[in-house]
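Student: Would you be able to build a 3D model of this:
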Amino acid sequence: MTAPLPCWFRDDTPGPATHVLVIGVSEYPFRPLSDLDDLPSGATSADLFARWMRDRYPGGDRRLGSIRLLLAPTDDERPYVSGGDTVPRADGAAVHQALHEWARDCRSSPENVAVLYICGHGVQETDDGAIVLLRDAGAIGDPFDAAVDVAGVRKGLSLDGCPTRQWYFVDACRVPAHGLDDYAGPLRGRITLEPRRGTGPAHRPIFFAAAPGTAAWQSGVGSVFVRALLECLDLDARTRLDGDEERWGVTAESLHRHLRRRAHELAALGAEEQTVMVGGSHLSDVAFLECEVPSVPVTLFVDPAAAQHAVGCTARIFEGDVQALERRPLPVIDVPVPAGIWTLAVAFDPPHPQFAPETVASVQVAPPKAHKTVTLR
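Tutor: The predicted structure follows:
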């Protein structure tokens, strides 16, 4: 009997839990499909996501139960990413075993949450699917013997009783490779789960790093997709849940909206284009995470702008006796303020000969940033 693979993180506290499988491949020593070289940060990107889940994921009623992390870094990456016995190499055999052990944990309760993140060379087969090649793709025989079929994994978690919340993140290109001309479709990665009977949970979105037929970009510091994703989970995509002022989180809809924007912005910094797409499930208000009221960077100016340089020109943000921002000189640049609708007061002390002693306005503070220009009276 094969011994279970070690988990990079595990908490066996009873009750519903979030189970995470993270796979990152940069090293492709066997050059699958003739033209696929090493990636600059496939392993780095996966390691960043795993660390965020371990250190920053606010699971709420779905605590973090396990993280399985499998990496295939290049020599340049190896000193900077997680390693050791708890991080198996992302070869076909190890990923196959980890996938089935992760699925078993996920199926232990429909109240669990299933999360899969994979980064590597990808091949598009359908609008709702992707095949991601592992380190030993092309070592012997068909390179798809060592490739993960994400659509097949989803089908394998469709049995009644599987987690009602499933999240898939595919950080890979979706362009045809030159070596595919000899294959008769449809293509399938052999690393997958067998389809199960059942209607399947309604909430199973796949967030693709790229649109069909386009590339997903990376640099040495991580992929565009994972950098945008973590920014969105940390702040940008946080929104009120069910309109409740005190309940905040990241929903499928808010994540898609802000992830699409931020990935486009980051790719443009490198003069590239990248469009995040969602498949496999309709967008909804189902939350990936729940959190406390977030702090949002606030920037404040006044009109006319020259007035903010006057002696004694200050601003404060408050509501009743609660001071969200203590009185301070203008301009205010990226100062953190709790999200919400607040009162903003701009005052002059000593009085200004041209403007009222105090101008009051309402300011809405919401992620990712809040900017307000107050017209002085």
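Student: List the buried residues for stretch 353-363?
Tutor: Residues of stretch 353-363 classed as buried by neighbour count (16 or more other C-beta atoms under 10 Å): Phe355, Thr359, Val363. C-beta coordinates here come from the backbone N, C-alpha and C atoms, glycine included.
Student: What of stretch 214-225?
Tutor: Of the residues in stretch 214-225, those buried under the neighbour-count criterion (16+ other C-beta under 10 Å) are Thr214, Ala215, Ala216, Trp217, Gln218, Gly222, Ser223, Val224, Phe225.
Student: Check the fourth one and give its pLDDT.
Tutor: If I follow you right, that is Trp217. Looking at Trp217, its pLDDT is 95.
Student: right, and it touches Gln274 too?
Tutor: Yes - Trp217 lies in contact with Gln274 (C-beta atoms under 8 Å); the separation is 5.7 Å.
Student: Report the set of residues contacting both of these two.
Tutor: Val224, Ala267 (C-beta atoms under 8 Å, 6 or more residues apart in numbering).
Student: Asp244 and Val115: what is the separation?
Tutor: Distance of Asp244 to Val115, computed by C-beta to C-beta, to the nearest Å: 24 Å.
Student: More neighbours: which of the two?
Tutor: Taking neighbours as other C-beta atoms under 10 Å, Asp244 and Val115 compare with Val115 leading, 23 against 8.
Student: which residues sit in contact with the closest residue in space to the more buried one that isn't next to it in sequence?
Tutor: Excluding its sequence neighbours, the residue lying closest to Val115 (C-beta to C-beta, 6 or more residues apart in numbering) is Val20, at 4.4 Å. By C-beta under 8 Å, 6+ apart, the contact set of Val20 is Ala50, Met53, Leu64, Ser66, Ile67, Arg68, Trp102, Val115, Leu116, Tyr117.
Student: Most neighbours out of those residues, which is it?
Tutor: Arg68 (28 neighbours).
Student: What ranges in the protein fall below the confidence cut-off?
Tutor: Counting by pLDDT under 70, the ranges of the chain that qualify are 1, 124-128, 177-182, 184-185, 198-202, 282.
Student: Identify the residue nearest the geometric centre of it.
Tutor: Leu229 (3.0 Å; C-alpha atoms, centre = their mean).
Student: This structure: helices as residue ranges?
Tutor: 42-56, 92-106, 150-156, 224-231, 252-269 (DSSP state H).
Student: Trp167 is nearest to which of the ones you listed?
Tutor: In terms of C-beta to C-beta, the element of the helices of the chain nearest to Trp167 is helix 252-269, at 8.2 Å.
Student: what angle sits between that closest one and helix 224-231?
Tutor: If you take axes from the mean of the first three to the mean of the last three C-alpha atoms, to 10 degrees, helix 252-269 sits at 130 degrees to helix 224-231.
Student: contacts for helix 252-269?
Tutor: Here helix 252-269 makes contact (C-beta under 8 Å, 6+ apart) with 203, 205, 207, 209, 217, 224-225, 227-229, 231-233, 236-239, 273-276, 278, 281, 283-286, 288, 367-368.
Student: mind listing which of the residues you listed are in strands?
Tutor: Phe207, Arg238, Thr239, Val278, Phe288 (DSSP state E).
Student: So what pairs up with Leu69 in the strands?
Tutor: Counting by DSSP bridges, Leu69 is bridged to Val22.
Student: For Gly213, see how far away it is.
Tutor: Distance, Leu69 to Gly213, using C-beta to C-beta: 30 Å.
Student: between these two, which one's more packed in?
Tutor: Taking neighbours as other C-beta under 10 Å, Leu69 and Gly213 compare with Leu69 leading, 30 against 10.
Student: How many residues are close by Gly129?
Tutor: Gly129 has 25 neighbouring residues, counting by other C-beta under 10 Å.
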